[in-house]
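Asker: What follows is a predicted structure for the sequence shown.
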Amino acid sequence: MTQSIPLINKNDGFETVRDAIASILATETAAQQVLAAAAGQDPDDYKFRVFAERAAPWEIFGSDDVTPIVNVWFDGSNYDPSTSNVSTRQKGTSRFNIDVYSRAVSTETEGGHSPGDEAAAKAAHNAAKLVRNILMHDKYKYLGLQGTVWRRWLTSLTTFQPGAGTLPVENVVAVRLALEVDHNETIDLEDHEILEIVNVKMYHDSVDGQLIAELQFGEEDEGE
Amino acid sequence: MSLRATAAADLVGILQDTDTGGDSVTITAPDGSTAVVLGFTSDIHLSVDPGTGELVSGCKASVSVLISDLEDAGFGAIHSVADSSSRPWLITMADSKGTETVYKVVETNPDRSVGLMLIFLGEYEQ
């Protein structure tokens, strides 16, 4: 008779990294909106909706809300035996696709019109720019998971458009950012250096599962 | 009468039949002039893969009108306008409940064998 292994009640490294990416993006788009408003700019230019592992069709694009959508999903992992051991720790390289979707409507302007296809592409590019600048910021070189993440690297940025023959009424453009992350498959609980205290309340929207982040700067949590 | 001429004549007859034919659609040219013609309209929902493997729910709208009707109205040059300094060609058509929607012409596919213009439409806000 063999003895069973202990209960596996932890996240694997790739799950932790996936959730960290989504959390970072949800947190930083909220922060960017605050900063934009303070700088007299339109906060909506810095706004996107964040989802993780969303697979159902994006029906919410049928509404009047044309805020770009960001979907973080895990693509796969490879493991490097040369930097791993056979029992307690393996180094994995995981690929995460961060898909940005935008929709725009052609609108009448003073002397002509604003084409929806161009506006959708520019909105997708703007959101992709924000995602890239957030994830590649030095603050997130370990995605906030120092000790677990060795390296994160944006390997490609690809724009998609619906193919011919499926021309929809809506102008929708998608951009994929492929992020490669080297990480341990063990969980580190090391405390990190506090740079700034930000209270972050994160929750899933009860309607469609959107990940929402509410930030409060400069105040310590009541428990501290 | 050739087979093609027969098909073209049948198309005119079917489209202009007051009981079973096409619906009235209003075409607005970039200069603001309008014409009302009969056309077969379509506005159906579909799922579109923007290339990521993930589907986006949307709809596809089109209208088919006689090329001769367009030419009679002086609208034979109807086409998609990409230039933002110009107004696009617009199509106003009603759904089965009578609700009118304005669309932008995004692609025109003339079928000159039977004299039919298939026009694909996109969202437009005035």
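Answerer: That came in fine, so what should we check first? Numbers count the residues shown, from 1 in each chain, chains lettered A, B, ... in the order given.
Asker: Could I get the phi/psi values of A:F14?
Answerer: Phi and psi for A:F14, reported as degrees, to the nearest 10, are phi -70, psi -30.
Asker: for the one 4 residues further on, same thing?
Answerer: Dihedral angles phi and psi of A:R18 (degrees, to the nearest 10) take the values phi -60, psi -50.
Asker: Run through the helices of chain A in chain order.
Answerer: Under the criterion DSSP state H, helices of chain A are mapped to A:13-38, A:116-135.
Asker: tilt between the first one and helix A:116-135?
Answerer: What that stands for is helix A:13-38. Counting by axes from the mean of the first three to the mean of the last three C-alpha atoms, to 10 degrees, helix A:13-38 points 110 degrees away from the direction of helix A:116-135.
Asker: could you say what helices and strands helix A:13-38 packs with?
Answerer: strand A:49-52, strand A:69-80, strand A:91-104, helix A:116-135, strand A:171-184, strand A:198-204, strand A:211-217 (3 or more C-beta pairs under 8 Å, 6 or more residues apart in numbering or on different chains; DSSP states H and E). (C-beta placed from N, C-alpha, C; glycine too.)
Asker: Need those in JSON lines (columns: mean pLDDT, distance to A:L143 and mean neighbour count).
Answerer: Converted to JSON lines, the helices and strands packed on helix A:13-38 look like this (pLDDT from 0 to 100; distance: least, C-beta to C-beta, whole Å; neighbours: other C-beta atoms under 10 Å in any protein chain shown):
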{"stretch": "strand A:49-52", "mean pLDDT": "93", "distance to A:L143": "14", "mean neighbour count": "23"}
{"stretch": "strand A:69-80", "mean pLDDT": "94", "distance to A:L143": "12", "mean neighbour count": "18"}
{"stretch": "strand A:91-104", "mean pLDDT": "94", "distance to A:L143": "10", "mean neighbour count": "23"}
{"stretch": "helix A:116-135", "mean pLDDT": "95", "distance to A:L143": "8", "mean neighbour count": "20"}
{"stretch": "strand A:171-184", "mean pLDDT": "94", "distance to A:L143": "7", "mean neighbour count": "23"}
{"stretch": "strand A:198-204", "mean pLDDT": "84", "distance to A:L143": "15", "mean neighbour count": "12"}
{"stretch": "strand A:211-217", "mean pLDDT": "85", "distance to A:L143": "16", "mean neighbour count": "15"}
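Asker: Helix or strand for the closest residue to chain A within chain B, just tell me which one.
Answerer: Taking C-beta to the nearest C-beta, chain A has its nearest neighbour within chain B at B:G51, 2.6 Å off. Assigned by DSSP states H and E, B:G51 belongs to neither a helix nor a strand.
Asker: Stretch A:131-147: which residues count as buried?
Answerer: Using 16 or more other C-beta atoms under 10 Å in any protein chain shown as the test for burial, stretch A:131-147 gives A:V131, A:R132, A:I134, A:L135, A:Y140, A:Y142, A:L143, A:G144, A:L145.
Asker: ok, which pair from those residues is furthest apart?
Answerer: Within these, two members stand farthest from each other by C-beta to C-beta: A:R132 and A:L145, at 19.0 Å.
Asker: list the buried ones in the lengthiest strand in chain B?
Answerer: When chain B is parsed with DSSP state E, its longest strand is strand B:34-48. For strand B:34-48, burial by neighbour count (16+ other C-beta under 10 Å) applies to B:A35, B:V37, B:L38, B:G39, B:F40, B:T41, B:D43, B:V48.
Asker: ok, of these, which one's closest to B:A82?
Answerer: After measuring those against B:A82 - C-beta to C-beta - the closest member comes out as B:V48, at 20.4 Å.
Asker: and the gap between the closest one and A:D208?
Answerer: Noted for B:V48: a distance of 19 Å to A:D208, by C-beta to C-beta, to the nearest Å.
Asker: what do you get for B:E107?
Answerer: Relative to A:D208, and taking C-beta to C-beta, B:E107 is found at 32 Å.
Asker: if we can go back for a sec, export the helices of chain A to a markdown table and tack on distance to A:K91?
Answerer: Listed next are the helices of chain A as a markdown table, based on distance: least, C-beta to C-beta, whole Å:
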| stretch | distance to A:K91 |
| --- | --- |
| helix A:13-38 | 9 |
| helix A:116-135 | 20 |
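Asker: With respect to A:K47, which of those lies nearest?
Answerer: helix A:13-38 (5.6 Å).
Asker: quick one: that closest one to chain centroid distance?
Answerer: Between the centre of helix A:13-38 and the centre of its chain there are 7 Å (C-alpha atoms, centre = their mean, to the nearest Å).
Asker: what's the average pLDDT for it?
Answerer: For helix A:13-38, mean pLDDT rounds to 96.
Asker: which parts of it are buried?
Answerer: A:13-14, A:16-33, A:36.
Asker: If you count contacts, what does the longest helix seen in chain B end up packed against?
Answerer: Longest helix of chain B, by residue count under DSSP H: helix B:3-15. With contacts taken as 3+ C-beta pairs under 8 Å, 6+ apart, helix B:3-15 sits against strand B:34-48, strand B:56-66.
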